[in-house]
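Peer 1: structure for the following, please:
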Amino acid sequence: QVQLVESGGGSVQAGGSLRLSCAASDNTHGTYSMAWFRQAPGKEREGVAAIDGDGKTTYADSVKGRFTISRDNAKDTLYLQMNSLKPEDTATYYCAAARFCYGLGASAYSLWGQGTQVTVSS
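Peer 2: As a prediction, this is how the structure comes out:
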């Protein structure tokens, strides 16, 4: 079974940037759709961005124009470039993969990483 490991989280001031990475333990390119989700304390997990095997992307309205999802199929790695960060972006960010589904609904994804914390201070 594919395992996902996130990295790149940290603390940053508002307006700053971070890049998250998600390394897959096995071949995911062209087969799995992948996505980033986030969950803040006391809130439900929400979809941030998704990318399918062909490179089609979709974003939550709250991050459009600021975040960019991408994947390097040769490295089996997913990225999330986060620019113009806001305090409301503070959350634990999770990488997820799905074999036959695509989009920002968490129920579509069966494989999850352990999460990486992003904290944005004002």
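
Peer 1: centroid-nearest residue for this structure?
Peer 2: Most central in the chain under Cα atoms, centre = their mean is Trp36, positioned 2.2 Å from the mean C-alpha point.

Peer 1: tell me how far the helix or strand hosting that residue lies from the chain's centre.
Peer 2: Trp36 belongs to strand 33-39 when assigned by DSSP states H and E. Between the centre of strand 33-39 and the centre of its chain there are 4 Å (Cα atoms, centre = their mean, to the nearest Å).

Peer 1: again, but for stretch 64-83
Peer 2: Using Cα atoms, centre = their mean, the offset of stretch 64-83 from its chain centre is 8 Å.

Peer 1: how far does it stretch from start to finish?
Peer 2: 10 Å (Cα to Cα, to the nearest Å).

Peer 1: and Ser107, helix, strand or coil?
Peer 2: Following DSSP: H, G, I helix; E, B strand; the rest coil, Ser107 is assigned to helix.

Peer 1: that one and Gly16, how far apart?
Peer 2: Ser107 is 32 Å from Gly16, where distance means Cβ to Cβ, to the nearest Å. C-beta: built from backbone N, CA, C; applies to glycine.

Peer 1: buried stuff in stretch 43-51?
Peer 2: Gly47, Val48, Ala49, Ala50, Ile51 (16 or more other Cβ atoms under 10 Å).

Peer 1: what mean pLDDT does it get?
Peer 2: Stretch 43-51 shows a mean pLDDT of 97.
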